[in-house]
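**Q** sequence plus the predicted model coming up.
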Amino acid sequence: MSLWTSRHVPFAVWAPTPRRVRLSVGDAIVEMSRSGGDWWVPDGDVPDPAEGPLDYGYLIDDSDVPRPDPRSRRQPAGVHQRSQTYEPSGFAWSDRSWTGRQLPGSLLYELHLGTFTPDGTLDSAIERLDHLRSIGVDLVELMPVNAFNGTHNWGYDGVDWFAVTEAYGGPPAYQRFVDTCHAAGLGVVQDVVYNHLGPSGNYLPLFGPYLKQGRSTWGDLVNLDDEGSAEVRRFILDNVHMWFADYHVDALRLDAVHALADSSPVHILEEMAIETAALSAHLGRPLTLIAESDLNETRLVTPREGGGYGLDAQWSDDFHHAVHVALTRETSGYYADFEPLSSLAKVCEKGFFHDGTWSSFRGRDHGAPVDTAHMPTWRLVVCSQNHDQIGNRARGDRLTEQLDDDQLACAALLTLCGPFTPMLFMGEEWAASTPFQFFTSHPEPELGRITAEGRIEEFERMGWDPAEVPDPQDPATFEHSKLDWSELPRDRHSRLLAVYRQLADLRRSLPELTDPSFSSLSATADEVTRVFTLRRDALLIAVNVGTAPATLPAAGELLFTTPTAASIDADGLTLPPHAGALLRAVP
């Protein structure tokens, strides 16, 4: 039996490591035998999964404890229990006319399902889609949803990559969510983690060489290039296919691709790009791959015909760091190199700040230049806040705590009207007062203790007061991170929401704000007055991050101003402290 054929036999499993595998399905135990390529298939008759859900697992060697299927589609009783069959083709999709959303020109919105709404489910998130449309969102980005141990988690401790966690409603709810998003004109981006597995419930090593020697920040490396890696790579590529074909998502955000150690002739990322492009052609809609990378290396997003991997876009932390430092004046840790306001000007004009320059945080030169003559600006996805930059602070505090309304509006102005693909983080559009803290719910007491102590030690090394670090295992840490939707109509929250809606309308109506050419923009930074300007063809974005009013020579139509209004007259554009403006300039 061929590799391809055996993979598609019901309950077949790739397991080169064990000497014996038995299938526990329903109340029966069925012997299995090796097929081609170390795939095991049932020896006897088994129930037909098409006839209804079946609980099943695998007995490895002499163990009588069934283990979940590495390709499990559902874990109704948790990651340590048997899997359950799920047939995605049974869902009645209504999105036949959906033609997708391209990334160029789009606005992304990142959210964590467990804290986005009080109920923390996919179905309750559906009720907030009209709000997302009102602020101009095109693509909804979900933090990881695959099965994890416990009741709540950021999602990066997942272990069953093919299963949607029951905490959010499981696979049927996921399909309902995507279908409803498409009906509302919204695309869906799924954050996926292929660089590591969580600390509890990872049974893959019992089956085969899914991991290899060497460690990343999060544990053992995924085996992409050692013995047995062909099937591990196929495992990942089939997961990519699943999200696009079975769950109709429009894009994948690939977590921390710099941790994918792969010396193969064709890197796994390039292989993803090849197969995704082929599937996009077959399905007739755009399918997008967005990498999270700290490499500042555009080979990831250079088309394959130009010698790159062919991914569509990558996150750019440099933009976040430059905006954050300009507004907050924080210069600790990796923020140190971004202290000059000119760093923001360089990022806007050149794409990266560290493009081969010295990184004091890393203690070495970092990055490589962007080919601004050829690469479009939309290939860099940027933000002023995201789950990492908030959640990896000791208290999980948002910019809301540090900045006034004008500064928050300036962050929105720079992100939404800047040259790159903008992404918002849930709640920033109304200056949410709730933090987004790091939370876990490991049922194992020892693992919970190690996680909490490690968190405190990490921040203590960075100079934070350990007393400020919330216990990630405390249920209150999770509850405190839930958005408070009752804030929207009140005070500064309604003011900032109006700012975001106005900027989203301008972004959609002014072609200059989606122009992808680096050559059509220029930036300046005055280190004395602390005024930053960004010209995009005939549009001028001006932000005063200083503490004194500033006037700069400019004439034209004022299209937007932060709550403390800027003004324009014969003397030029006057910006109060912390204020910003967008105008259509005249020569």
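**A** Thanks, I have the structure now.
**Q** so where does Leu558 fall, helix or strand?
**A** Here Leu558 sits within strand 556-561, counting by DSSP states H and E.
**Q** strand partners (parallel or antiparallel) of the helix or strand that that strand is followed by?
**A** Scanning forward in sequence from strand 556-561 by DSSP H and E, the next helix or strand is strand 567-569. Sheet pairing of strand 567-569 (DSSP bridges) gives strand 572-575 (antiparallel).
**Q** mean confidence for the strand it pairs with?
**A** This predicted structure assigns strand 572-575 an average pLDDT of 96.
**Q** cool, and stretch 298-306?
**A** Mean predicted lDDT for stretch 298-306 stands at 97.
**Q** run the chain-centre distance for it.
**A** Stretch 298-306 sits 21 Å away from the centroid of its parent chain (C-alpha atoms, centre = their mean, to the nearest Å).
**Q** may I see the buried residues of it?
**A** Buried residues in stretch 298-306, counted by 16 or more other C-beta atoms under 10 Å: 298-302. In short, each C-beta sits where N, CA and C put it, glycine included.
**Q** and if you look at stretch 234-245?
**A** By neighbour count with 16+ other C-beta under 10 Å, stretch 234-245 contains the buried residues 235-237, 239-240, 242-245.
**Q** cool, stretch 131-139 as well?
**A** When burial is assessed from 16+ other C-beta under 10 Å, stretch 131-139 yields the following buried residues: 132, 135-139.
**Q** hmm, back to that, just put the buried residues of stretch 234-245 in CSV and tack on secondary structure.
**A** CSV is the format used below for those (DSSP: H, G, I helix; E, B strand; the rest coil):
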residue, secondary structure
Phe235, helix
Ile236, helix
Leu237, helix
Asn239, helix
Val240, helix
Met242, helix
Trp243, helix
Phe244, helix
Ala245, helix
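**Q** dump the residues you listed into CSV; add pLDDT and distance to Leu483 as well.
**A** Formatted as CSV, the buried residues of stretch 234-245 follow (pLDDT from 0 to 100; distance: C-beta to C-beta, whole Å):
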residue, pLDDT, distance to Leu483
Phe235, 97, 35
Ile236, 98, 33
Leu237, 98, 35
Asn239, 98, 29
Val240, 98, 30
Met242, 98, 29
Trp243, 98, 25
Phe244, 98, 29
Ala245, 98, 32
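**Q** and which of those is nearest to Arg362?
**A** Of all these, Arg362 sits closest to Ile236, with 28.3 Å by C-beta to C-beta.
**Q** count of neighbours near the closest residue to the closest one other than its chain neighbours?
**A** Once flanking residues are discounted, Ile236 sits nearest to Tyr194: 5.3 Å by C-beta to C-beta, 6 or more residues apart in numbering. Each residue near Tyr194 was counted by other C-beta atoms under 10 Å, and the total is 23.
**Q** contacts only, for Tyr194.
**A** Going by C-beta atoms under 8 Å, 6 or more residues apart in numbering, Tyr194 touches 161, 222, 236, 239, 254-255, 260, 268.
**Q** for this protein, what's the longest helix?
**A** In the chain, ranked by residue count with DSSP state H as the criterion, the top helix is helix 491-509.
**Q** without its sequence neighbours, what residue ends up closest to Gly136?
**A** In space, Gly136 is closest to Ala504, 2.8 Å off (C-beta to C-beta, 6+ apart).
**Q** please apply the same query to Ala345.
**A** Ala523 (3.8 Å).
**Q** Gly114 and Thr165 touch, don't they?
**A** No: using C-beta atoms under 8 Å, Gly114 is not in contact with Thr165; the gap is 9.2 Å.
**Q** what about these two, which has more around it?
**A** Remark: of Gly114 and Thr165, Thr165 carries more neighbours, 29 against 24, as counted by other C-beta under 10 Å.
**Q** and the more buried one, how far from Ser72?
**A** Distance, Thr165 to Ser72, by C-beta to C-beta, to the nearest Å: 12 Å.
**Q** anything in contact with each of the two?
**A** Ala147.
**Q** relative to strand 556-561, how tilted is the longest helix of the chain?
**A** Relative orientation of helix 491-509 versus strand 556-561 (axes from the mean of the first three to the mean of the last three C-alpha atoms, to 10 degrees): 130 degrees.
**Q** report the distance from helix 491-509 to the chain centre.
**A** On C-alpha atoms, centre = their mean, the centre of helix 491-509 falls 23 Å from that of its chain.
**Q** list the helices and strands it packs on?
**A** helix 405-417, strand 556-561 (3 or more C-beta pairs under 8 Å, 6 or more residues apart in numbering; DSSP states H and E).
**Q** after it, heading C-terminal, what element do we hit next?
**A** Of the helices and strands lying after helix 491-509 in sequence (DSSP H and E), the nearest is strand 521-526.
**Q** now the longest helix of the chain - C-alpha only, PDB.
**A** Provided in PDB are the C-alpha atoms of helix 491-509 (Å, rounded to 0.1, in the frame of the first residue of the first chain):
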ATOM      1  CA  ASP A 491     -15.700  59.500  28.000                       C
ATOM      2  CA  ARG A 492     -12.300  59.000  26.300                       C
ATOM      3  CA  HIS A 493     -13.400  55.600  25.000                       C
ATOM      4  CA  SER A 494     -16.000  57.100  22.700                       C
ATOM      5  CA  ARG A 495     -13.600  59.800  21.600                       C
ATOM      6  CA  LEU A 496     -10.900  57.400  20.600                       C
ATOM      7  CA  LEU A 497     -13.500  55.100  18.900                       C
ATOM      8  CA  ALA A 498     -14.600  58.100  16.800                       C
ATOM      9  CA  VAL A 499     -10.900  58.700  15.900                       C
ATOM     10  CA  TYR A 500     -10.400  55.200  14.700                       C
ATOM     11  CA  ARG A 501     -13.600  55.200  12.600                       C
ATOM     12  CA  GLN A 502     -12.600  58.500  11.000                       C
ATOM     13  CA  LEU A 503      -9.100  57.300  10.200                       C
ATOM     14  CA  ALA A 504     -10.500  54.000   8.700                       C
ATOM     15  CA  ASP A 505     -12.800  56.000   6.500                       C
ATOM     16  CA  LEU A 506      -9.900  58.200   5.300                       C
ATOM     17  CA  ARG A 507      -7.800  55.100   4.600                       C
ATOM     18  CA  ARG A 508     -10.500  53.700   2.500                       C
ATOM     19  CA  SER A 509     -11.200  56.900   0.600                       C
END
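**Q** where exactly do the helices run in the stretch 301-450 of the chain?
**A** 317-328, 342-350, 387-391, 405-417, 445-461 (DSSP state H, counting those that start in this stretch).
**Q** run the chain-centre distance for the last one.
**A** Centre-to-centre, helix 445-461 and its host chain are 24 Å apart (C-alpha atoms, centre = their mean).
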